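> I would like to see how this sequence folds:
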Amino acid sequence: MIMFVYHGSDHIIETPVFNGSKRTNDYGYGFYTTESPELAKEWACADNRDGFANKYEAELGGLSVLNLNSPEYSILNWLAILTKYRTYWQNGSIAEEAKEYLQQHFFIDLSSFDVVIGYRADDSYFTFAQDFISGVIPLSKLSEAMRLGHLGEQIVFKSPVAFSHIHFVDALPANASDWYEKKSARDREARRSYRAVKKQSELFNELFIIDIMREGIENGDPRLR
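This is a model prediction of the structure:
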């Protein structure tokens, strides 16, 4: 399958470097892209500086692809991976126990995959995940929150083979005066909507992280749908 993907950066990247990113990104080392040139321009201007949405042609045929948004996975699989690689989680016994439980029961080893598709936990979305880990919101609210603000998916190229399937096409300029404000506005709207979600009355049978741990809920449990 041939597709066009975009990588936001403050400079032009004609040849992505394998393991050139930070290990503490959402899915560890990898080249992070999106099918949306608009989102790539927002990411390029995240520090309120001009940048580029680097455009690539990518061929996924023959690659091993993990799509975390497909029906066989739950948001807890995504969260288990996030807790593995991302830092700056809240401290506290519940949060620490929650991270350990998620990694034991929902973590997926990414080393056997060439490409990973899933949410991007930038800005407010990482806060939503932290709230769930700390027991502030139930699973249903986390799932709802991750759909706020039109976050979209990111496509991460993880292996040397995957990098050979990416070919530079163009670099689209992104002006910070436009795209930094659009990113900020999207984040503000997501936070505003999230506050409204949190105020909604809770149902008695909502699943919080403490319930998931106490009841020994694992992958495939129908309560996670």
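> okay, CA-based contacts and neighbour counts for the rest of this
Will do.
> so, low pLDDT: which residues of this structure?
Within the chain, the stretches with pLDDT under 70 are 88-93, 123, 148-151, 199-204.
> run the last query once more with 90
For the chain, the stretches with pLDDT under 90 are 1-2, 17-26, 69, 71-72, 83-96, 119-132, 134-138, 140-153, 183-206, 219-225.
> let me see the ranges of the strands in it.
Along the chain, the stretches classed as strands by DSSP state E are 2-9, 31-33, 51-59, 65-67, 115-119, 153-157, 166-174.
> among those, which is nearest Ser134?
Ser134 lies closest, by Cα to Cα, to one member of the strands of the chain: strand 115-119, at 19.9 Å.
> the closest one pairs with which strands?
strand 65-67 (parallel), strand 153-157 (antiparallel) (DSSP bridges).
> for the longest helix along the chain, output the C-alpha coordinates as CSV.
Taking DSSP state H as the criterion, the chain has its longest helix at helix 176-199. Coordinates of the C-alpha atoms in helix 176-199 are reproduced here as CSV (Å, rounded to 0.1, in the frame of the first residue of the first chain):
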residue,chain,number,x,y,z
ALA,A,176,4.6,29.7,13.1
SER,A,177,2.3,32.8,12.9
ASP,A,178,-0.4,30.5,11.5
TRP,A,179,0.2,27.0,12.7
TYR,A,180,1.4,27.6,16.3
GLU,A,181,-1.9,29.3,17.0
LYS,A,182,-3.9,26.6,15.3
LYS,A,183,-2.1,24.0,17.4
SER,A,184,-2.7,26.0,20.6
ALA,A,185,-6.4,26.6,19.7
ARG,A,186,-6.9,22.8,19.1
ASP,A,187,-5.3,22.1,22.4
ARG,A,188,-7.4,24.6,24.2
GLU,A,189,-10.6,23.2,22.7
ALA,A,190,-9.6,19.7,23.7
ARG,A,191,-9.0,20.8,27.3
ARG,A,192,-12.3,22.7,27.4
SER,A,193,-14.2,19.7,26.1
TYR,A,194,-12.3,17.5,28.5
ARG,A,195,-13.4,19.6,31.5
ALA,A,196,-17.0,19.2,30.4
VAL,A,197,-16.5,15.4,30.1
LYS,A,198,-15.1,15.2,33.6
LYS,A,199,-18.1,17.0,35.0
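> okay, the residue nearest to Tyr32 when sequence neighbours are not counted and Ser111: tell me how far apart.
Once flanking residues are discounted, Tyr32 sits nearest to Val156: 4.5 Å by Cα to Cα, 6 or more residues apart in numbering. Separation of Val156 from Ser111 (Cα to Cα, to the nearest Å) stands at 13 Å.
> one step back: of the strands paired with strand 115-119, which is nearest Arg23?
Nearest to Arg23 among these is strand 153-157 (12.8 Å), distances taken as Cα to Cα.
> would you turn the strands paired with strand 115-119 into JSON lines with mean neighbour count?
Converted to JSON lines, the strands paired with strand 115-119 look like this (neighbours: other Cα atoms under 10 Å):
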{"stretch": "strand 65-67", "mean neighbour count": "19"}
{"stretch": "strand 153-157", "mean neighbour count": "23"}
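> so which of these gets nearest Tyr29?
Closest to Tyr29 of the strands paired with strand 115-119 is strand 153-157 (Cα to Cα; 8.9 Å).
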